[in-house]
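> Have a look at this fold, sequence not included:
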């Protein structure tokens, strides 16, 4: 198959769990598929995040780089070809594919005429419209509704999301399959004691805190958690620190005000964006994951905590009971006292805590990125070959996955990682590029953590080793964003 994977929205650090989903999906494809051809649309900042060595069947197109803006300029001065007679052109590239995959819940309009498989994480706006501006709500309704109706087949990341699509969008159930997510392998591998101590020192933390990895969107419900901490301290005599990771969003100002009003400044630590390789240490040094979210399409942090041996306390809403099963203590997220009592129960009952850890380790083994990836490819296969309305809805277990593997990924070449007689010059170029990638990632992480000096130093090191990678992922995006800011000011 020729498959188009649309990741144009995946600017690192901005989309939370959907970005983790997309990265895991693409990394799994790179591990298992050397047969199907993939055209991947990706933003400049993520262009060099994936190791394509040995993968001639993957083509990454930088969707907002210099070629894209040159093509926009050509269109503005009227030199583009007649729309009625051209192929699909994205970022200046002709696109030829059998099926398009969209992982963000919506399909870009320029892909609507292709057979499409749509992965839907959630329809939060159907339940909490008050958390969106009028313009954003209208845009989400239009984009999600048209995309869901247009898609040949739909992958819902939980049974809860599938039921939501059926009830809210009135889509036939046989068009929707449940494709549960999983957890990255790194969470199963404990960092060294020195690495864990380094993370604690970096953020000024001591082990034994509650950990909540979530950007401060309103539906993440940090305010109720702050009230629960106040109740624990004032009514139950329990003082425990709370560590929160994730970028600051719309609710951050209200959360900061609540922390000050309740005299919790010394107990609550906001770390901002945390590189993924450090999250395992934060989970392992926590007494528990606390997850009071009002709404989730899946809830990947639950599985990440289980993989790290961290017990889970979470809301009893949306998809979370489905994902956590018997490996969590549940509470009503709208009731701060219920949250406080759940925390108290865990802290005062070590047997219960150990039981949750044991159940979590069993529970997380039920989820697999390979199975998720094969399920999505299965739907792409059906869409490319022609959708059948009589196809029964069923989830894919490991036995079914093994049967489908040679069908979905036929004619796998042997020894795909061999160098195939590459020239010395090509080997040196590849070696320099690989050496540059860690510094490039450090530069981007420092930028997301608002550390301009560190970002500049790491970026310079990346530029010395691979000027092309540094230009595309750091220098050009900085120029592009600066121009956009100037234009926005001029328009105001």
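Arrived safely. Remember, it's a predicted structure, so these values are computed and weren't measured experimentally.
> I figured residue 339 was touching residue 225, is that so?
Yes: counting by C-beta atoms under 8 Å, residue 339 touches residue 225, with 6.3 Å between them. Yep, even glycine has a C-beta here, placed from its N, CA and C like the rest.
> any common contacting residues for those two?
Taking C-beta atoms under 8 Å, 6 or more residues apart in numbering as the contact rule, residue 339 and residue 225 both touch 290, 292.
> give me the number of residues near residue 113?
10 (other C-beta atoms under 10 Å).
> how deep is the nearest residue to residue 241 once chain neighbours are set aside tucked in, by neighbour count?
Spatially, and ignoring its direct neighbours in sequence, residue 241 is nearest to residue 209 (4.1 Å; C-beta to C-beta, 6 or more residues apart in numbering). Applying other C-beta under 10 Å, we find 21 residues neighbouring residue 209.
> go on, residue 11?
16.
> Can you give me the pLDDT of it?
Residue 11 is assigned a pLDDT of 81 by the prediction.
> measure the closest residue to residue 96 other than its chain neighbours to residue 198 for me?
Excluding its sequence neighbours, the residue lying closest to residue 96 (C-beta to C-beta, 6+ apart) is residue 2, at 6.3 Å. In this view, residue 2 and residue 198 are 45 Å apart by C-beta to C-beta, to the nearest Å.
> what does the model give residue 146 for pLDDT?
Listed pLDDT for residue 146 reads 95.
> Now do the host helix or strand of it: which elements does it pack against?
Assigned by DSSP states H and E, residue 146 falls within helix 134-150. Counting by 3 or more C-beta pairs under 8 Å, 6 or more residues apart in numbering; DSSP states H and E, the packing neighbours recorded for helix 134-150 are strand 116-120, helix 159-169.
> And for the first one, what's in contact with it?
Taking C-beta under 8 Å, 6+ apart as the criterion, the residues outside strand 116-120 that touch it are 21, 99-107, 144, 147-148, 150-157, 161, 165, 179, 297, 376, 379-380, 383.
> Let's see which of those residues end up in helices.
21, 144, 147, 148, 150, 161, 165, 376, 379, 380, 383 (DSSP state H).
> And for the fourth one, the neighbour number?
Same thing as residue 148. Neighbour count of residue 148, defined by other C-beta under 10 Å: 22.
> That one and residue 172 touch, don't they?
No: using C-beta under 8 Å, residue 148 is not in contact with residue 172, being 11.4 Å away.
> Overlap in contacts, the two.
What both residue 148 and residue 172 touch, as defined by C-beta under 8 Å, 6+ apart, is an empty set.
> mind checking how far residue 411 is from residue 1?
In terms of C-beta to C-beta, residue 411 sits 12 Å off from residue 1.
> out of those two, which sits in the busier spot?
Neighbour totals were compared for residue 411 and residue 1, and residue 1 leads with 19 against 8 (other C-beta under 10 Å).
> What residues does that one make contact with?
Residues near residue 1 by C-beta under 8 Å, 6+ apart: 36, 37, 98, 99, 380, 381, 384.
> what about 6 Å?
If you count contacts by C-beta atoms under 6 Å, 6 or more residues apart in numbering, residue 1 has them with 36, 98, 384.
> Residue 60 now?
Contacts for residue 60 (C-beta under 6 Å, 6+ apart) come out as 40, 42.
> so it is in which element?
strand 58-62.
> What residues of that strand count as buried?
Neighbour counts using 16 or more other C-beta atoms under 10 Å place 58, 60, 61, 62 of strand 58-62 among the buried residues.
> ok, now stretch 315-328?
Within stretch 315-328, the residues that count as buried by 16+ other C-beta under 10 Å are 315, 317, 318, 319, 320, 321, 322, 323, 324, 327, 328.
> Between the residues you listed, which sits nearest residue 355?
residue 327 (9.0 Å; C-beta to C-beta).
> isn't the closest one right up against residue 361?
No: taking C-beta atoms under 6 Å as the definition, residue 327 is not a contact partner of residue 361, at 8.4 Å.
> what would the buried residues of stretch 315-328 look like in CSV with distance to residue 335, pLDDT and secondary structure?
Formatted as CSV, the buried residues of stretch 315-328 follow (distance: C-beta to C-beta, whole Å; pLDDT from 0 to 100; DSSP: H, G, I helix; E, B strand; the rest coil):
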residue, distance to residue 335, pLDDT, secondary structure
315, 10, 98, strand
317, 12, 97, coil
318, 16, 97, coil
319, 20, 97, coil
320, 15, 98, helix
321, 16, 98, helix
322, 21, 97, helix
323, 21, 97, helix
324, 18, 97, helix
327, 22, 97, coil
328, 17, 98, coil
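> Pop out the phi and psi values for residue 452.
When read as degrees, to the nearest 10, the backbone of residue 452 gives phi -60, psi -40.
> Quickly find the element holding the closest residue to it other than its chain neighbours.
Spatial nearest neighbour of residue 452, chain neighbours left out: residue 446 (7.8 Å); criterion: C-beta to C-beta, 6+ apart. Using DSSP H and E, residue 446 sits in helix 424-448.
> and the direction of the helix holding residue 146 versus that of helix 159-169, what angle?
If you take axes from the mean of the first three to the mean of the last three C-alpha atoms, to 10 degrees, helix 134-150 sits at 100 degrees to helix 159-169.
> Can you point out the buried residues in helix 134-150?
140, 143, 144, 147, 148, 150.
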